Every structure is written in structure tokens, then in C-alpha cells.
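> Predicted model and sequence follow; I will ask about them next.
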Amino acid sequence: FRSYHVGMPKCEVAVQAVLSMISNSSNSSASANYVAHYGNVKDKDRFGVNFFKSFDVVLNALDNVEARRHVNRLCLAANVPLVEAGTTGYLGQITVIAKDANVECYECQPKPTQKVYPICTIRSTPSMPVHTIVWAKELYKLLFHEKPELSMLYEDPSLDNNNNDEEDDENNAGNNNKSTSTYMSIAIDQKPFKQNTSTDARSYALAVIDALFHKEIQKQLDMDRYKTAKKKPIPLDAETLNATTTTPIPSSETGTVWSPAQCVAQLVSCIVEAYSSDPPPSGEFDKDDDHAMLFVTAASNLRSHQFGIDMQSFYETKGIAGNIIPAIATTNAIVAGLQILQVFQILKLQEQQHNNNNARRIKECCRYVYCLRDKTRKGYYLQPTTLADPNPKCFVCRNAQVDVCIDTQTWMLKDFVDLVIKKRLGFSEPSILIGDSQVYEEGEDEALFAMNLSKTLVNLPCGGIKDGSVIRVDDFSQELEVDLCIVHKADWDEKDVDHFTIGGEVPMATTDENEAAEDESQDEKKEDENDAVVIESDQVFSTKKRILLEDDEEASRKKVKST
């Protein structure tokens, strides 16, 4: 991707890039037809089961659990192999999911919320405090690191004016308004040197803040960058910027949220201190470094204020900033390449199956591959293992019954549908049946059941939903149905903030203590197996036991761990 691609659909840019590769190929026989379908993957009218049935194989490159869970279900319903992959920092994993191959699906194991954020979201369209905190950490690196090009906010001016790159010249035609951001020339070229006075550093600080929080935002607004956004950012006003001489620097000892003027004052103070100190800050963020945390708190809150996002206290910012794992482009590239290797195996098997119907060979030929940060004893950074068996308690691929513990006398059907059926269990357009009678449906006949939404579960028609009830939930858009066994519970502890629990039929993330106890008992029985850990967020969760394919017996006993 190039700088002028910002704001364009990635699928369309990818198609252009691949077609360019083919046209420049020396192989005259190279030809292919690439079609970009831009839209929400959960749009049932465009991307339903029949759409997925038109493909031989599907590759996931999605960055959120909800969408990946949805595609997993559609591929199972369409009986199309899915090459699923994910990355977190330098770690990654690739697996193959196929309905008839007796392998686990994406939902056989728990999936905690991910914390990997697209660069385009961080730079242009933040919507949560974590987005602005990531941005502030990258700004800290841009201003103070000896290699500012390591920051995701850095922009190489040569990308816009490189006459030696014919591809850039062609693609950049008509995109001169998407030149380097207004802050780059000030942040990089006008940095004060050590011998400068603090007054010069102060002037630099005010110029950088004005470029970042006023000029750049105004430039994007003038370009209609946010014409479709729900909330448009507000440029920093001159009054707030000039109030630094009268606004006291806020303290980090209190739990209060700083005002925009206090954030500006703190930013100026941090920049002046950085260019007046000996030695200067390294530019590497450390949540235990007070200077770094003061800077990140002020910068992130000022950006949050501009985009209408809730501002955070110093300690709240510190807690969020210490648990963020950025995406690594090289890891993504490696994992994408590994996905293609799995696709080769699947397509070969599909060709063979015209004469030999043996879909289960996917489990023999394909692999679950870990991309590791630290090499194994043999020096490998890629660790393959056999595809795991499906979880017999998975309600998605094994139609297992799910236990739901809830207060049936106080919960209304509307909340039950929104929070339990849709948000927790991932249904898109559910229908609910009590026995043979339908009490809720989404779609054409939705209005017929609207009157039931305001009723408590126990007061629904057909006897209601109460302790011991078994109800069926159907979703034709996903071709999925599951039975829910209801357990009534009236009293809930304060720690149970959801006021409902999903029973053992849906796999839940294990605690470190339970994991350690399981390891201790299993190691006595199977010393040649590993408890491999899949990383998709700050939480760690165990998969089923997987035999690692290493020849070295001692190496195969070694744990694959993460921090």
C-alpha cells in the first residue's frame, strides 16, 4: 500500500496491485480474473451461503472475532474449506477448517477479544480511547526516537516525489492533494538541537501541536475525509493553544481527567523537557517511564477530545497503554504466505476427489502452523502440528446443547436476544422456538413478534421460558440451529456483571491456575505432547493437546509459551 491509497477499499487496491504484477510478469501465459467485492461481510443479501458456495476455498484475513466467527459458520454451512489465520505482534497461527474433514472449527476454542488495530483506524478514524493511545505512543516515537521512521506516523516524502518509480508516478496522478501530512516537515526537519535554549524547544512544541491538532485536522476536513463519519473531528482552537502560558501543568497523582488546555500545557512541558535533558529520552515507550506516560496521556486525551471520544485519567491511560500489541507487517506477510501453501494442498485434494471422494484427507495433508517469535532448538521459527479434532461440545460444528443460566423472571426477550443470542452466541438473524411454537423471528415476519420483545422470558407465550426449558434458536442466514437449556437463577454476585452465564457447552478461557494443574496431570501421562498456546490477544488460552512435529524428543517436550 502507498500513501495515496489511504481511504480506498483495501480489496480494490489489492486487485490493482495483483493485476499490475501479472501485467509485468515475464510469463506470457500468466492470466487471472480478480474481482473486488467491497462491503460488509455480514451483509446476508450479498454474502450469504450461496455466495460462499460459489468458491472452492476461502481465506480469512479479518481482524475481529465477530466477523471471523460469521465466516466460519457460513463456510461450514456451504461446505467450503476455510483457511483461517491470525496474528498478534510477532506471533501468528494458520489452520484449515473443513466440514467433512473431522477438524475443529474456529469456534471450537475460546476467542478472547483481540487488541490489534489497523493503522488506518489509528491514523484517521479513531473511535475508542485505545485508538488514540496507540496514536500517542507512535507520536512519542516520531518525536524522540533516533529513528523516527520506525513510527507508523512517519511518512517518507520521497513516496510523493520519486520520479524514478514509474508505478508511483502513474498511480499518484491526480492525487497531489494526498501529499505528506502537514506535521512531517515540522516534526522532523525543525527539531531543536541540544545546544538550543528551552525557548526554542517551546516554539518547536507549539508548532508541532498546532500542526498535529489543528492544521492536519483542518486539511482532512477540507478534503472531505470525514464526510461519511458519524462524528467529525474538531480542530484545536487558537485560544486553547495560546493558554499554555496561563494553564498550570496537571499532576499525575490525581485520578482526574485533564482539560484540553491542561493537555496542551503538559505536551509542551514534555517536549521542552525531552530536548533539554541529558541524556534525551530514547523514544521507546515504557509505561513505567513517567515522562513517556505524561506525554502519551496528554496527546491521547487531546486527540480523544477532538474526535468526541471519552478522555482518560493518567492511571486509566497507563493501564490501557501497557496492554497493547501492535500489528507487525512482516508477520502478516509470513502468515499470508503460509495460508497460500495450505490452499495448494486443498486444491490438489479437490482435483483428486473427482476420482476419489476422500475429503478427510485434508486432515492428513494440511497443518496447523505456529509462527513463533523465538526459534526452536532446531532454529525454526515456524512450527507445524496436526489439525486438532473438533470439540465435541462445540454448538457450531457439533450441534451440541448449550446451557444458559439466567433470571427468567426479570430478563426481557429483547435483552435476551441482543445480549445472549446475538452478542454472546454470535447469531445474526435468530428465530426462537418454544417446542413447536415460534415466539420470535427476524426478517419479513419480524413485526408479528414485536409484542413479545417487552415481555419477560417466563411470561412469553407457549408456557414461557423458565427453569428447565429447552428452546431452539435457528439462523437461516448462517444455516445454524442450536438448542439452549435454560437454568433459572435469581441471585447474582456483584462480580457477575452480565447477570447470565453460558455453560460448559461453549468453551471458556481457562485460568493460569487451571491450565497449570491440567499440564501437571497430563504431563505424567503424555510427556511427548505439548500444551500449545494460541495468541490472539492479551489473554492466553489453551487449545487441545497437539503433538508437535519435531524429531528431537527433548525439543518436543518443550513448552510453547507467551507473555
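Structure received. Numbering: from 1, shown residues only.
> Can you pull out the low-pLDDT segments for the chain?
25-31, 111-117, 157-179, 193-199, 253-254, 324-326, 353-359, 494-495, 504-563 (pLDDT under 70).
> Name the secondary structure element that contains I471.
Per DSSP states H and E, I471 falls inside strand 470-475.
> Which elements pack onto that strand?
Applying 3 or more CB pairs under 8 Å, 6 or more residues apart in numbering; DSSP states H and E, we find strand 470-475 packed against strand 431-434, strand 480-488. Yep, even glycine has a C-beta here, placed from its N, CA and C like the rest.
> okay if I get those as a markdown table plus mean neighbour count and distance to K348?
Output for these, formatted as a markdown table (neighbours: other CB atoms under 10 Å; distance: least, CB to CB, whole Å):
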| stretch | mean neighbour count | distance to K348 |
| --- | --- | --- |
| strand 431-434 | 20 | 40 |
| strand 480-488 | 18 | 30 |
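> Compare those strands and report which one is nearest to T88.
The minimum distance between T88 and those falls on strand 480-488, with 27.8 Å, by CB to CB.
> Parallel or antiparallel, list what pairs with the closest one.
Sheet pairing for strand 480-488, assigned by DSSP bridges, gives strand 402-406 (parallel), strand 470-475 (antiparallel).
> Give me the distance from the longest one to the chain's centre.
By that I understand strand 470-475. Offset of strand 470-475 from its chain centre (CA atoms, centre = their mean, to the nearest Å): 29 Å.
> what does stretch 2-13 give?
Mean-position distance between stretch 2-13 and its chain equals 19 Å (CA atoms, centre = their mean).
> In PDB, list the C-alpha atoms belonging to the strand holding I471.
Provided in PDB are the C-alpha atoms of strand 470-475 (Å, rounded to 0.1, in the frame of the first residue of the first chain):
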ATOM      1  CA  VAL A 470     -35.200 -26.200  26.100                       C
ATOM      2  CA  ILE A 471     -35.600 -23.700  23.300                       C
ATOM      3  CA  ARG A 472     -34.300 -23.900  19.800                       C
ATOM      4  CA  VAL A 473     -32.600 -21.000  18.100                       C
ATOM      5  CA  ASP A 474     -32.400 -21.000  14.200                       C
ATOM      6  CA  ASP A 475     -30.500 -18.700  11.900                       C
END
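> what residues does it touch?
For strand 470-475, the surrounding residues in contact (CB atoms under 8 Å, 6 or more residues apart in numbering) are 401, 421, 425, 427-434, 465, 480-486.
> Ok, which of the helices and strands packed on strand 470-475 comes nearest V65?
Set against V65 and scored by CB to CB, the helices and strands packed on strand 470-475 come closest in strand 480-488, at 16.6 Å.
> Can you show me the CA trace of the closest one as CSV?
In CSV, the C-alpha atoms belonging to strand 480-488 read as follows (Å, rounded to 0.1, in the frame of the first residue of the first chain):
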residue,chain,number,x,y,z
LEU,A,480,-27.3,-22.9,12.0
GLU,A,481,-29.6,-24.2,14.8
VAL,A,482,-28.8,-24.9,18.4
ASP,A,483,-30.8,-26.0,21.5
LEU,A,484,-30.5,-23.9,24.6
CYS,A,485,-31.1,-25.5,28.0
ILE,A,486,-32.3,-22.8,30.4
VAL,A,487,-31.4,-22.7,34.1
HIS,A,488,-33.1,-20.1,36.2
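> Beyond that strand, next helix or strand please.
Trace forward from strand 480-488 with DSSP H and E and the next one is strand 500-502.
> outside of that next one, which residues touch it?
By CB under 8 Å, 6+ apart, the surrounding residues in contact with strand 500-502 are V402, D403, V404, C405, I406, D407, W411, L419, V420, R424, L425, M508.
> Now rank those by neighbours and give me the top one.
Counting neighbours by other CB atoms under 10 Å, the top entry in the contacts of strand 500-502 is I406, with 26 neighbours.
> ok, back up a step: pipe the helices and strands packed on strand 470-475 into TSV and attach distance to V83 per row.
Converted to TSV, these look like this (distance: least, CB to CB, whole Å):
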stretch	distance to V83
strand 431-434	31
strand 480-488	21
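> how about those, which one is nearest H5?
Closest approach to H5 among the helices and strands packed on strand 470-475 is made by strand 480-488 (36.5 Å; CB to CB).
> Which elements pack onto the helix ranked longest in the chain?
Ranked by number of residues, the top helix in the chain under DSSP state H is helix 329-352. In terms of contacts (3+ CB pairs under 8 Å, 6+ apart), helix 329-352 is packed against strand 82-88, strand 91-97, helix 361-365, strand 368-371.
> any chance of the ones you listed in CSV, with distance to S304 too?
Supplementary listing: those in CSV, determined by distance: least, CB to CB, whole Å:
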stretch, distance to S304
strand 82-88, 25
strand 91-97, 29
helix 361-365, 47
strand 368-371, 34
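> Same list (those) but as CSV, adding mean neighbour count and distance to P281.
Converted to CSV, the helices and strands packed on helix 329-352 look like this (neighbours: other CB under 10 Å; distance: least, CB to CB, whole Å):
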stretch, mean neighbour count, distance to P281
strand 82-88, 24, 27
strand 91-97, 25, 28
helix 361-365, 17, 52
strand 368-371, 23, 32
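> Compare these and give me the one nearest R46.
That would be, of the helices and strands packed on helix 329-352 and by CB to CB, strand 82-88, which comes in at 18.5 Å.
> the inter-axis angle of that closest one versus strand 91-97?
Put simply, strand 82-88 runs at 170 degrees to strand 91-97, going by axes from the mean of the first three to the mean of the last three CA atoms, to 10 degrees.
> and strand 82-88, what other elements does it pack with?
By 3+ CB pairs under 8 Å, 6+ apart, strand 82-88 packs against strand 58-59, helix 65-78, strand 91-97, helix 329-352.
> For the very next helix or strand once past the third one, buried residues please.
Translated: strand 91-97. Going down the chain from strand 91-97, the next helix or strand is helix 119-123, by DSSP H and E. Neighbour-count burial for helix 119-123 flags I119, I122, R123 (criterion: 16 or more other CB atoms under 10 Å).
> what's around P81, how many residues?
Neighbours of P81 under the rule other CB under 10 Å: 28.
> Which residues are in contact with the nearest residue to it once chain neighbours are set aside?
Distances taken as CB to CB, 6 or more residues apart in numbering put A98 closest to P81, at 4.4 Å, once the chain neighbours are dropped. Neighbouring residues of A98 by CB under 8 Å, 6+ apart: P81, L82, I346, A359, I362.
> If we use 10 Å, what do you get?
A98 sits next to 57, 75-76, 79-83, 105, 346, 349, 359-360, 362-363, 366, 387 when contact means CB atoms under 10 Å, 6 or more residues apart in numbering.
> rewinding a little: format the strands paired with strand 480-488 as a markdown table; extra columns: distance to S185.
Output for the strands paired with strand 480-488, formatted as a markdown table (distance: least, CB to CB, whole Å):
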| stretch | distance to S185 |
| --- | --- |
| strand 402-406 | 58 |
| strand 470-475 | 53 |
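> of those strands, which approaches A67 most closely?
Comparing the strands paired with strand 480-488 by their distance to A67 (CB to CB), the top pick is strand 470-475, with 15.6 Å.
> in the closest one, what counts as buried?
Applying 16+ other CB under 10 Å to strand 470-475 flags I471, V473, D474, D475 as buried.
> For F416, see how far away the second one is.
Which is V473. Using CB to CB, to the nearest Å, we find V473 at a distance of 10 Å from F416.
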